[in-house]
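**Q** below are the sequence and a predicted model for it; my questions follow.
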Amino acid sequence: MNLNSLLEQAKIAASMASEEILKVYNSSDFEIETKDDQSPLTRADQAAHEVIAAVLERTSIPILSEEGAQISFSQRKSWETFWLIDPLDGTKEFIKRNGEFTVNIALIHHRQPILGVVQTPVTADLYSAIKESGAQKNGKKIQAASFDLNQSGLKVVASRSHLNTETQVFLDALIKPKILSKGSSLKFLMVAEGEAHLYPRFAPTMEWDTAAAQIVLEEAGGKVIIQNSQTPINYNKKNLLNPYFLAQGIEKNSHK
């Protein structure tokens, strides 16, 4: 596998998807529908999926997309390598027109992300990473901030719509944390850029929500671990629902 070549294909796909998303975003009609899980779906989600799939199909690597055809575990369980895509992450933010939505494209190999691209259509920022090659934003290297869990004023990014009891308990254990809000996979990217130290996500996410931003954060020096463990998230599970997790920057000391 030529990861550099595949990264360029993913970047092209993300850029083209962003263009399609902005066409809808700047129009007067999103054509909002409701999926079976009650989450919203717009014309932009499907348009982004179609253009990404058209680009990545040329690589002859299987594709698993939130908006693609349902693929049974019996079919995908033998996949050693595959593309994992969220064509429009943050549909609720898209509908609110606050700009906090992303295009997420990851390459999964042996159940872990090894390549990721995250593009923010409104600002045209492009985040990318290849395993063991560092993380970049618009071609410039980024690095997560270091922190100690005992320090005061840690910056914690939390979802506007998912601040539940478990998350509050986590926050209460910190010393005067500063809470930041952001939509979609941008929460991971804030940690990757050093704008935040921690992102506890003790609420449901799907595999396509996290994979691309996870590899960006990991290559920026941070990590994404299952709640109350040091275990990373695995991908291509039978159930594509993620366990609760903590995304973090570079921890100076471990406090077990």
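**A** Yep, it's here.
**Q** low-confidence ranges, the protein, go.
**A** Within the chain, the segments meeting pLDDT under 70 span 30, 35-40, 159-162, 254-256.
**Q** doesn't Y235 lie inside a strand?
**A** No - judged by DSSP: H, G, I helix; E, B strand; the rest coil, Y235 forms no part of a strand; its state is coil.
**Q** strands of the stretch 101-250 of the chain, start to end?
**A** All strands of the stretch 101-250 of the chain, identified by DSSP state E, counting those that start in this stretch, fall at 102-109, 112-120, 125-130, 135-137, 140-142, 146-147, 155-158, 178-181, 198-201, 223-226, 245-248, 250-251.
**Q** could those strands go into JSON lines alongside mean neighbour count and distance to N234?
**A** Where C-beta positions appear, they are placed from N, C-alpha and C, glycine not excepted. As requested, the strands of the stretch 101-250 of the chain are exported to JSON lines (neighbours: other C-beta atoms under 10 Å; distance: least, C-beta to C-beta, whole Å):
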{"stretch": "strand 102-109", "mean neighbour count": "28", "distance to N234": "10"}
{"stretch": "strand 112-120", "mean neighbour count": "25", "distance to N234": "7"}
{"stretch": "strand 125-130", "mean neighbour count": "22", "distance to N234": "18"}
{"stretch": "strand 135-137", "mean neighbour count": "20", "distance to N234": "21"}
{"stretch": "strand 140-142", "mean neighbour count": "12", "distance to N234": "25"}
{"stretch": "strand 146-147", "mean neighbour count": "17", "distance to N234": "26"}
{"stretch": "strand 155-158", "mean neighbour count": "22", "distance to N234": "24"}
{"stretch": "strand 178-181", "mean neighbour count": "14", "distance to N234": "28"}
{"stretch": "strand 198-201", "mean neighbour count": "25", "distance to N234": "16"}
{"stretch": "strand 223-226", "mean neighbour count": "18", "distance to N234": "9"}
{"stretch": "strand 245-248", "mean neighbour count": "22", "distance to N234": "11"}
{"stretch": "strand 250-251", "mean neighbour count": "16", "distance to N234": "22"}
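**Q** dump the ones you listed to a markdown table, plus distance to E33.
**A** Converted to a markdown table, the strands of the stretch 101-250 of the chain look like this (distance: least, C-beta to C-beta, whole Å):
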| stretch | distance to E33 |
| --- | --- |
| strand 102-109 | 20 |
| strand 112-120 | 24 |
| strand 125-130 | 28 |
| strand 135-137 | 33 |
| strand 140-142 | 36 |
| strand 146-147 | 41 |
| strand 155-158 | 28 |
| strand 178-181 | 27 |
| strand 198-201 | 26 |
| strand 223-226 | 31 |
| strand 245-248 | 29 |
| strand 250-251 | 42 |
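**Q** what's the burial count for E132?
**A** By other C-beta atoms under 10 Å, the residues close to E132 number 9.
**Q** equivalent analysis for N26, please.
**A** N26 has 9 neighbours, counted by other C-beta under 10 Å.
**Q** before we move on, what about K252?
**A** Neighbour number of K252 under other C-beta under 10 Å is 11.
**Q** what about it, distance to N104?
**A** Noted for K252: a distance of 30 Å to N104, by C-beta to C-beta, to the nearest Å.
**Q** which among the strands of the stretch 101-250 of the chain is found nearest to K11?
**A** Nearest to K11, of all the strands of the stretch 101-250 of the chain, is strand 112-120, at 5.6 Å by C-beta to C-beta.
**Q** mind giving me the domain ranges of the chain?
**A** Residue ranges for the domains of the chain, per automatic domain parsing: 3-141, 146-251.
**Q** now do the same end-to-end measure for the shortest one.
**A** Spelled out, it's domain 146-251. Domain 146-251 has an end-to-end distance of 6 Å (C-alpha to C-alpha, to the nearest Å).
**Q** now swap in the longest one and tell me
**A** Domain 3-141 has its terminal residues 18 Å apart, counting by C-alpha to C-alpha.
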